[in-house]
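>>> Provide a 3D model corresponding to the input given below.
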Amino acid sequence: MWAGDRLAKNFEYDLEGTPCKDVVDLKKELIPRDASRLYPRDTLLADMGVESYFGAPLIASSGKMLGLVSVMDTRPMELTRWTAPMLGVFATRISVELERKFATERLQELNQRLEERVRQRTDDLEAFTYSVSHDLRAPLRSIKGFALALHEDLAGQLNDQAQDYLGRIHQGAVRMNELIDDLLELSRLTRTTMHTERLLLDTLAQEVAEELLNRHQGPAPELHIATRATVLADPGLLRIALTNLLENALKYSRDRESPRIELNASEHADGRVFCVSDNGIGFDMARAEKLFQPFQRLDNARGYPGSGVGLATVARVIHRHGGRIWADATPGEGARFYFTLGEPDDAWIP
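Numbering: from 1, shown residues only. Below you'll find the model as predicted:
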């Protein structure tokens with residue numbers, strides 16, 4: 001209630017025998033004078049010395065009553081032909097605003113519930129992934145151990161085909177163990193708390209590139225890091241993303257006579273976009289939907305090592321930074337991976 005020139009405290013109000021009861025019963029009340037006398041049971045009107053009263057129900061678009069609005073005065077109301085329509089318009093506007101407010105609050109409540117459910121499902125999925133991954137390690141160790149024991153104890157008694165089978169069993173177990181490690185790493189990225197800071201992307205990328213080149217086998221690539229952008233990111237997570245992107249570029253361009261890898265940045269209408277490009281084997285864009293899904297590999301990547309988790313890991317890191325990632329490629333002509341990050345408003349040097 002607004003009384004005088006300020007909001008009054010909330011209070012309980014018995015509606016029986018009051019003009020508000022008539023409003024609740026969906027009747028508009030316009031009493032230009034003698035309101036207290038017409039409703040003798042309404043002690044509040046008498047205590048306040050109310051002479052004139054107008055009340056209207058607040059109805060939502062669905063037909064549901066949201067409440068009521070009352071305007072009271074200690075003086076008689078001077079009526080014109082516009083009084084009732086104007087007060088009705090006022091009540092309608094209040095109804096619209098209340099409905100919008102309730103809808104917003106309801107949407108926020110639903111979003112909170114949805115976020116909680118997603119968080120719970122994510123926790124359950126992470127716990128399941130962790131449990132299954134660890135439960136798989138014991139039988140894998142047994143498979144690897146017995147395959148190795150057979151190979152060592154019966155090597156002289158096995159023909160070439162049997163030894164080949166044992167070798168495949170052992171390699172399959174090793175491969176499965178690597179997949180479990182990748183799965184756990186992917187799971188860990190969801191649980192890791194982010195600690196963002198401002199950093200130079202080219203400095204981090206150069207460190208990652210040097211580490212990769214130190215163990216790279218094949219022709220030394222032409223590496224060009226053409227950005228000095230300042231980004232706001234978690235250094236550890238961003239290092240993981242850059243490692244996977246640059247490692248892929250090295251891997252898929254290793255058979256070129258002059259492999260070339262580049263990291264650059266450019267400004268677009270929707271913000272700063274970074275790109276890691278190479279002149280490697282590329283891929284068919286018709287199958288590109290597989291790129292960022294765990295354990296999915298393109299057909300022309302079968303001859304190259306990897307579990308198919310690297311780009312899924314990159315996508316998870318980028319998404320956690322509020323960015324997005326996409327790719328463009330042509331078979332035999334290399335690939336380009338574009339991504340955005342949440343960034344500060346600092347100036348940057350292209």
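
>>> check contacts around residue 155.
With contact set as CB atoms under 8 Å, 6 or more residues apart in numbering, residue 155 has these partners: residue 163. Yep, even glycine has a C-beta here, placed from its N, CA and C like the rest.

>>> Could you check how far it is from residue 250?
The gap separating residue 155 from residue 250 is 37 Å, by CB to CB, to the nearest Å.

>>> Then residue 139?
34 Å.

>>> between the two, which one's more packed in?
residue 250 (22 against 11; other CB atoms under 10 Å).

>>> Going by neighbour count, list what's buried in the helix or strand harbouring the more buried one.
Element membership for residue 250 (DSSP states H and E) is helix 235-252. Buried residues in helix 235-252, defined by neighbour count with 16 or more other CB atoms under 10 Å: 237-252.

>>> Same question for stretch 322-334.
With burial defined by 16+ other CB under 10 Å, the residues of stretch 322-334 counted as buried are 323, 325, 327, 329, 334.

>>> before we move on, back to that, between the helix or strand following the helix holding residue 250 and helix 235-252, how many degrees?
Once helix 235-252 ends, the next helix or strand along the chain (criterion: DSSP H and E) is strand 260-268. Orientation check (axes from the mean of the first three to the mean of the last three CA atoms, to 10 degrees): strand 260-268 against helix 235-252 gives 130 degrees.

>>> Give me the sheet partners of the helix or strand just after strand 260-268 and which way each runs.
Remark: after strand 260-268, the chain's next helix or strand is strand 271-278, criterion DSSP H and E. Note on strand 271-278: by DSSP bridges, its sheet partners are strand 260-268 (antiparallel), strand 335-339 (antiparallel).

>>> number of nearby residues for residue 216?
16.

>>> ok, the residue lying closest to it once chain neighbours are set aside - contacts?
Nearest non-adjacent residue to residue 216, counting by CB to CB, 6 or more residues apart in numbering: residue 250, 5.7 Å away. Residue 250 is in contact with 212, 213, 216, 221, 259, 261, 278, counting by CB under 8 Å, 6+ apart.

>>> Check residue 205 too.
Here residue 205 is in contact with 225, 242, 246, 263 (CB under 8 Å, 6+ apart).

>>> Wait, a strand at residue 79?
No. Read with DSSP: H, G, I helix; E, B strand; the rest coil, residue 79 is coil and lies in no strand.

>>> Could you report the distance from it to residue 22?
18 Å.

>>> could you show me where the strands are in the stretch 51-200 of the chain, in order?
52-59, 65-73, 197-200 (DSSP state E, counting those that start in this stretch).

>>> Give the buried residues for the last one.
Going back to what we said before, that points to strand 197-200. residue 199.

>>> ok, it: who's next to it in the sheet?
With DSSP bridges as the test, strand 197-200 pairs up with strand 230-233 (antiparallel).

>>> swap in the first one?
Partner strands for strand 52-59, per DSSP bridges, with pairing direction: strand 29-31 (antiparallel), strand 65-73 (antiparallel).

>>> Please tabulate the strands of the stretch 51-200 of the chain in JSON lines, including the columns distance to residue 180 and mean pLDDT.
Below are the strands of the stretch 51-200 of the chain laid out as JSON lines (distance: least, CB to CB, whole Å; pLDDT from 0 to 100):
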{"stretch": "strand 52-59", "distance to residue 180": "60", "mean pLDDT": "88"}
{"stretch": "strand 65-73", "distance to residue 180": "56", "mean pLDDT": "86"}
{"stretch": "strand 197-200", "distance to residue 180": "32", "mean pLDDT": "89"}
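
>>> ok so, going back, pick out whichever of residue 79 and residue 22 has more residues nearby.
Ranked by neighbour count (other CB under 10 Å), residue 79 and residue 22 place residue 22 first, with 17 against 12.

>>> surely that one meets residue 31?
No. With contact defined as CB atoms under 8 Å, residue 22 does not reach residue 31; the gap is 9.9 Å.

>>> Spit out the contact partners of residue 253.
With contacts defined as CB under 8 Å, 6+ apart, residue 253 is in contact with 221, 259, 260, 261, 278, 279, 280, 281, 334.

>>> can you tell me how far the nearest residue to it once chain neighbours are set aside sits from residue 248?
Of all residues not flanking residue 253 in the chain, residue 280 sits nearest, at 3.4 Å (CB to CB, 6+ apart). Counting by CB to CB, the gap from residue 280 to residue 248 is 9 Å.

>>> Also residue 265?
Counting by CB to CB, the gap from residue 265 to residue 248 is 19 Å.

>>> cool, and residue 335?
From residue 335 to residue 248 the distance is 8 Å (CB to CB).

>>> ok, now residue 176?
For residue 176, the distance to residue 248 - CB to CB - is 22 Å.

>>> How about residue 85?
The value you get for residue 85 to residue 248, if CB to CB is used, is 70 Å.
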